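Peer 1: Return a 3D structure for these sequence lines:
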Amino acid sequence: MVRFLDANDGVVKVPKGVILPDSKIRVAWDLVSLMALLYLIISIPFKISFASTVGVANLVVDVAVDLFFILDVYARMRKFAVVKDGFMITSPKDFGMLYSNDEFALDAMSVFPISTVAYAIGVHEGRMYGLCRLLQFLRLIRFGKYLDGLVEFINTRTHLVVTTASLRVTQIFLIIVFLCHWSSCIFHFIGDNATSEVSWISADEMNNEDSSRRYLRSFYWALYTITTIGYGSVPVVSIRERIFAMITMAVGAVICDAGLTAVLASIVANKDHQAGKNNRRIQCSKLYMKTNNTEESLQARILDYYAYADGEMRNIDEQEVINDFSSSLKSEVLEHFCFDPLRECAHFDVYADGAIFSLLKTMEPYLAVPGEHLSEIGQECHSLYVFQKGSVRIKDTTGSAAHVAEGAVIGHLATLAASMKDGLPTHELRLELLSANFTKSKNGNQYVIVKNGRHRCRSLIKSSRNWMETISMKVKVGKGKHRQVNAEIIVKEWRKRQNHATIGFGEVVVTDSLVGQVVICSIIDEKGKNIGSIQLRASMKLLSESEQVTSHEVTSTALSFSHLYRLDIADDMALRRYLSMSKKGTILDRIPMTINSYNDIEGVSSSFGDERCNSVVDEGNGMKQRGADEDIDDASRPSSMMRRSASIDSDSDFDKPLSSLHERFPEIKNSNAFNKDGKRRSVFFAEWIDNDDGIG
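Peer 2: Residues are numbered from 1 along each chain as shown. Now for the predicted structure:
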């Protein structure tokens with residue numbers, strides 16, 4: 001369920017009895033509303049045209065539908081919260097007022113029980129009873145909203161995906177079916193009410209047939225007329241029938257010839273365009289590889305990449321998708337996937353949360369192909385990666401391998417910081433997974449993540465209860481008589497093209513004495529309930545001389561197409577330099593302000609009142625030019641020059657740094673505040689420029 005936040009109160013409080021838009025009750029209610037509306041669309045024209053009398057069974061169904069829509073009006077007035085301009089409105093008074101001003105009048109007219117009152121006073125004839133229910137047709141304007149809600153439910157709550165093309169075809173199909181139904185009812189109504197003229201009913205010898213046979217015949221006429229096939233087996237005799245037939249053919253030409261044909265042509269054109277683009281890309285790549293004598297193994301990898309991009313990814317560029325988001329949504333997406341992994345990584349321990357958020361804005365999605373080395377022993381690593389999904393294996397200097405768990409940070413800087421903080425591993429932890437038994441399942445295949453401190457690794461995905469897999473990881477164990485390792489077991493479920501759900505957690509305490517013993521680890525869910533257990537055999541042993549790693553570096557290799565988020569180390573280094581500058585004592589030293597030419601500082605230096613100070617800083621080449629009288633005594637400096645080295649010790653300087661700066665240094669306020677690109681200079685990290693000679 002979506003959590004809506006308020007800027008002042010945090011999570012929005014939902015009053016008792018109020019139903020949120022994405023709750024199961026609301027989805028079920030809208031689905032029943034759609035079914036009831038379909039009943040009205042079909043039953044009302046049929047009663048007017050074909051029903052001779054209205055029976056008690058029909059009356060009971062109609063009254064039940066009317067009562068449901070009356071309850072719907074009350075629920076929308078007092079129970080159903082709404083989202084307005086992205087904000088969740090949960091107060092019954094507020095969303096009731098919105099409903100009253102928008103849709104209440106139309107809904108109130110449509111639920112007025114005219115037909116029930118008419119039946120109570122003796123109107124049992126089907127035609128008059130149906131005419132009394134025509135006001136219910138006002139609810140037809142809600143059909144599109146109900147259908148969109150159903151599509152959203154299918155896309156978000158099930159494994160199915162309703163594409164835009166299939167939705168448009170479904171809409172056109174429903175429109176054609178409804179038009180055929182209404183046209184058949186009107187066509188029969190015209191023929192059944194013919195007095196002096198001969199109608200299609202008598203000409204087609206349908207006078208003695210029951211209503212079901214007549215409906216089938218009239219629907220057959222409406223279908224071939226609206227679809228412009230024009231078979232002509234049902235005679236059109238009277239003037240009124242011919243006029244209505246011409247109107248029906250005109251409407252059918254617009255709906256079928258223009259509407260359906262245009263939708264199908266658009267779908268085929270889009271498919272052909274994308275298929276042609278993919279095929280041309282593959283053919284060009286094959287020609288390029290052939291003319292350049294590319295190795296067959298590399299050719300196979302390139303073609304596999306195209307097959308993955310065109311099939312599994314459906315030609316979706318993750319970077320383009322994220323860039324289409326607003327800046328706030330983009331930050332939330334990157335925060336969701338990357339903030340916790342970066343926060344847990346030892347390399348970022350020196351950063352506050354705000355600094356990590358600054359780094360998140362520089363990260364971007366990255367797709368690693370099978371066999372690609374994200375980091376390699378002895379090779380320089382230019383990036384850090386947050387592993388999202390796929391399969392990545394790491395190998396240390398001794399050749400020991402392990403599978404990387406989702407959310408792990410990959411890169412030499414991450415392993416270096418971990419080794420400096422925790423030290424190199426001294427023991428090997430082995431967990432032999434034997435079997436598992438879970439009572440709670442969401443129809444997914446389970447796997448486990450073993451976590452020890454900042455280190456984690458994962459098992460393969462299991463499709464049965466007999467797991468039979470050994471997970472080994474090297475850990476640092478402190479010195480002491482009784483040495484032990486706490487291993488956290490995280491059980492997850494793998495579901496294709498969906499987020500992996502966490503089922504529960506467990507913990508195993510491994511000691512030197514626990515060798516060869518079978519341990520049953522209980523798995524507890526988030527609510528504290530026992531949902532199953534894992535049977536395993538745990539052991540711990542001291543690493544031999546040949547098994548001890550001599551370097552923190554590991555080789556990380558993608559075994560399959562793997563999705564990650566990439567952080568350029570250059571951005572990390574730039575942030576560290578900026579933070580080091582921020583520790584300087586004066587605010588002027590902390591501002592990343594550069595001066596391009598002598599003209600830029602001419603007004604500033606003259607306002608300082610020191611004509612002998614003609615220092616020029618050129619940002620483009622980092623050159624410095626100083627006047628002849630460079631060594632100026634502090635006592636001989638004007639007071640305005642002395643103020644440049646004044647310390648900033650007031651809280652207001654940090655609450656409002658720019659206003660405080662202008663108050664204390666008014667001469668800077670009128671100086672050139674724009675850089676060479678025409679943008680206003682900023683004190684933020686994104687616009688910090690570090691010159692080669694260290695001048696900032």
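Peer 1: Run the chain-centre distance for the helix or strand encompassing Arg301.
Peer 2: Under the criterion of DSSP states H and E, Arg301 resides in helix 296-310. In terms of CA atoms, centre = their mean, to the nearest Å, the centre of helix 296-310 is set 28 Å apart from its chain centre.
Peer 1: Tell me which helix or strand comes right after that helix.
Peer 2: Next helix or strand after helix 296-310 toward the C-terminus (DSSP H and E): helix 318-323.
Peer 1: from the chain's centre, how far out does that following helix sit?
Peer 2: Put simply, helix 318-323 sits 11 Å off its chain's centre (CA atoms, centre = their mean).
Peer 1: Could you name the helices and strands sitting against that helix?
Peer 2: Counting contacts by 3 or more CB pairs under 8 Å, 6 or more residues apart in numbering; DSSP states H and E, helix 318-323 packs against helix 327-334, strand 364-368. From N, CA and C alone the C-beta is placed, and that goes for glycine too.
Peer 1: Flag every buried residue along stretch 554-569.
Peer 2: Within stretch 554-569, the residues scored as buried using 16 or more other CB atoms under 10 Å are Val554, Thr555, Ser556, Thr557, Ala558, Phe561, Ser562, His563, Leu564, Tyr565, Arg566, Leu567.
Peer 1: ok, now which ones touch Asn530?
Peer 2: Applying CB atoms under 8 Å, 6 or more residues apart in numbering, we find Asn530 in contact with Ser522, Ile523, Ile524.
Peer 1: Nearest to Ile449, out of those residues: which one, please.
Peer 2: When the contacts of Asn530 are ranked by distance to Ile449 (CB to CB), Ile523 comes first, at 12.4 Å.
Peer 1: Pull out the buried residues from the one helix or strand that closest one maps to.
Peer 2: Counting by DSSP H and E, the element that carries Ile523 is strand 518-524. Within strand 518-524, the residues scored as buried using 16+ other CB under 10 Å are Val519, Cys521, Ile523, Ile524.
Peer 1: contact partners of it?
Peer 2: With CB under 8 Å, 6+ apart as the test, strand 518-524 has contacts from 434, 438, 489, 491, 503-508, 530-538.
Peer 1: switch to 6 Å and redo it
Peer 2: With contacts defined as CB atoms under 6 Å, 6 or more residues apart in numbering, strand 518-524 is touched by 489, 491, 504-506, 508, 530-538.
Peer 1: Just give the closest residue to the residue positioned nearest the centre of the chain, not the sequence neighbours.
Peer 2: For the chain, Val333 is the residue whose C-alpha lies nearest the centre (CA atoms, centre = their mean; 7.3 Å). Closest residue to Val333 apart from its sequence neighbours, by CB to CB, 6 or more residues apart in numbering: Ile322 at 6.3 Å.
Peer 1: that older thread, closest to Ile25 among the buried residues of stretch 554-569?
Peer 2: Nearest to Ile25 among the buried residues of stretch 554-569 is His563, at 35.3 Å by CB to CB.
Peer 1: picking up where we left off before, measure how buried the residue nearest to Val333 is and give me the count.
Peer 2: A count of nearby residues for Ile322, using other CB atoms under 10 Å, gives 16.
Peer 1: likewise the one 4 residues further on?
Peer 2: In terms of burial, Ser326 registers 8 neighbours under the definition other CB under 10 Å.
Peer 1: do Gly407 as well
Peer 2: Applying other CB under 10 Å, we find 15 residues neighbouring Gly407.
Peer 1: per-residue confidence for it?
Peer 2: Listed pLDDT for Gly407 reads 87.
Peer 1: what do you get for Asn293?
Peer 2: 85.
Peer 1: Next, count neighbours for it.
Peer 2: Using other CB under 10 Å, Asn293 has 6 neighbouring residues.
Peer 1: and it, which of the three is it?
Peer 2: Secondary structure state of Asn293, per DSSP: H, G, I helix; E, B strand; the rest coil, is coil.
Peer 1: Got the phi and psi for it?
Peer 2: Torsion angles at Asn293 (phi, psi; degrees, to the nearest 10) stand at phi 50, psi 50.
Peer 1: Asp304 versus that one, what's the distance?
Peer 2: Going from Asn293 to Asp304 by CB to CB, to the nearest Å gives 20 Å.
Peer 1: show me the residues around Tyr215 that make contact.
Peer 2: Tyr215 is in contact with Phe50, counting by CB under 6 Å, 6+ apart.
Peer 1: The same query, at a cut-off of 10 Å, please.
Peer 2: Phe46, Ser49, Phe50, His181, Ser184, Cys185, His188, Glu209 (CB atoms under 10 Å, 6 or more residues apart in numbering).
Peer 1: now for the helix or strand containing the fifth one, which elements pack on it?
Peer 2: In this structure, Ser184 sits in helix 164-192 according to DSSP H and E. Using 3 or more CB pairs under 10 Å, 6 or more residues apart in numbering; DSSP states H and E as the contact criterion, the secondary-structure elements in contact with helix 164-192 are helix 24-49, helix 126-132, helix 143-157, helix 200-203, helix 211-226, helix 239-252, helix 261-291.
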